[in-house]
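*Asks:* When you get a sec, could you give me coordinates for this:
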Amino acid sequence: MSVSFKTLDLNLLKVFDAVMEERSVLRASQKVALSQSAVSHSLARLREMLDDELFVRTATGMQPTARALTMAPQVRQALRSLEAAVELPTFAPAVSTKSFTLAANDFTTMVLAPPLLKILGREAPAIDLTIKPVTRIDLAEQIDLGRIDVAIGVFSSPPSRFRTALLFEYDDVLIVGKKRKLGRLDNAKLASLPLVVVSFGGEQEGAIGGFISERGLARRSEMYDRPALERALSDSDRPPRIAVSLPHFLALPALLIDSELAAIVPRPLARALEQAHAITTYELPYTTTPVEVRLLWHERVEDEPSHEWLHEVLRRATEELRRGG
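*Replies:* You can find the predicted model right below:
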């Protein structure tokens, strides 16, 4: 059946958008305040109009077809544009009960969440946060679909549909358990240390040059400057020994205390770990490339007052982090 926008019922697109987000007819019906049968009827009409199944029922929920995935970002943007056209563009954080979804790794969560939550407690006590892993394989899709409001991480040349803003920069340092006394750290001593590093994915997971790409969005997977380490020890009798490679930073304190291990980590994380654990920081005997941690969001929310406020609050949390050390 041919489709004419002039005769299209926009409520069908609202139902489509709700099912795409919830992947469940029941939850979609609750979201749009319709009965399940009304949602199913709307889907049937839209399927007939577009000559596509749009969603296939599976054991894990309603899975979108390729046509639905292609439509979803445009439908979501169109609905938000219509909403913005008829509603006053205001946002009052002090009384808002809005929930924001962020994507971040455990490092950025550890250093940014405390100052961020202090600001929210003072200025927006009823706003809730959901923090999802920035390492998830479908990060770009989740941002495209509007399920993630902003991602925090290290990205390489994002596609034009995304916007970014710098939060902070960092370099690498070495940390060990407080009982270990390394003295002056040079390349020879570093080469003798069993190292712990954090990597969110290697070549087996599709990483190229320390970055994993999905839907055109490349994000950093190696959380240390491996090329700089290898260059520094290129003249050593022994290559650097990566004794342990972790998918997260959480286990580092437990591994370092009472062991011979040493870990290469971001400097802000080292400061945070020193405050909470028996950890000592050493400067590396070589220079690492400064790394930019950035906010990343979809262009369609560029001018939404609530998202502008969220970005501003995250920048202020970063400033509090800098002032704290």
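
*Asks:* wait, doesn't residue 166 sit right on residue 291?
*Replies:* No: if you go by C-beta atoms under 8 Å, residue 166 and residue 291 don't touch, sitting 11.1 Å apart. Using the backbone N, CA and C atoms, a C-beta is placed for each residue, glycine as well.

*Asks:* ok, the two, which is more surrounded?
*Replies:* With neighbours defined as other C-beta atoms under 10 Å, residue 166 and residue 291 compare such that residue 291 has more, 17 against 11.

*Asks:* Give me the pLDDT value at that one.
*Replies:* We have a pLDDT of 94 for residue 291.

*Asks:* what's across from it in the sheet?
*Replies:* residue 170 (DSSP bridges).

*Asks:* Quick check: the gap between it and residue 220.
*Replies:* In this view, residue 291 and residue 220 are 7 Å apart by C-beta to C-beta, to the nearest Å.

*Asks:* who touches both of the two?
*Replies:* Between them, residue 291 and residue 220 share these contacting residues under C-beta atoms under 8 Å, 6 or more residues apart in numbering: residue 154.

*Asks:* What are the boundaries of the strands in the stretch 101-250 of the chain?
*Replies:* 128-133, 150-153, 155-156, 162-170, 172-177, 194-198, 211-214, 217-220, 241-246 (DSSP state E, counting those that start in this stretch).

*Asks:* Quick one: closest of those to residue 287.
*Replies:* Minimum separation from residue 287 across the strands of the stretch 101-250 of the chain (C-beta to C-beta) falls at strand 172-177, 9.4 Å.

*Asks:* Kindly spell out which helices and strands sit in contact with that closest one.
*Replies:* helix 252-256, strand 262-266, helix 267-276, strand 279-282 (3 or more C-beta pairs under 8 Å, 6 or more residues apart in numbering; DSSP states H and E).

*Asks:* How far away from the center of its chain is that strand?
*Replies:* Relative to its chain's centre, strand 172-177 lies at 25 Å (C-alpha atoms, centre = their mean, to the nearest Å).

*Asks:* any idea of the mean pLDDT in it?
*Replies:* 96.

*Asks:* Next, the angle strand 262-266 makes with that strand.
*Replies:* Between strand 172-177 and strand 262-266, the angle comes out at 140 degrees (axes from the mean of the first three to the mean of the last three C-alpha atoms, to 10 degrees).

*Asks:* Pull up the pairing partners for strand 172-177, direction included.
*Replies:* Going by DSSP bridges, the partners of strand 172-177 are strand 262-266 (antiparallel), strand 279-282 (antiparallel).

*Asks:* which one of those has the most crowded surroundings?
*Replies:* strand 262-266 (a mean of 25; mean count of other C-beta atoms under 10 Å).

*Asks:* List the contacts of that one.
*Replies:* Taking C-beta under 8 Å, 6+ apart as the rule, strand 262-266 contacts 107, 170-176, 180, 182, 193-198, 223-225, 229, 249, 252, 255-256, 273, 284, 291.

*Asks:* Leaving out sequence neighbours, find the closest residue to residue 111.
*Replies:* Closest residue to residue 111 apart from its sequence neighbours, by C-beta to C-beta, 6 or more residues apart in numbering: residue 268 at 4.8 Å.
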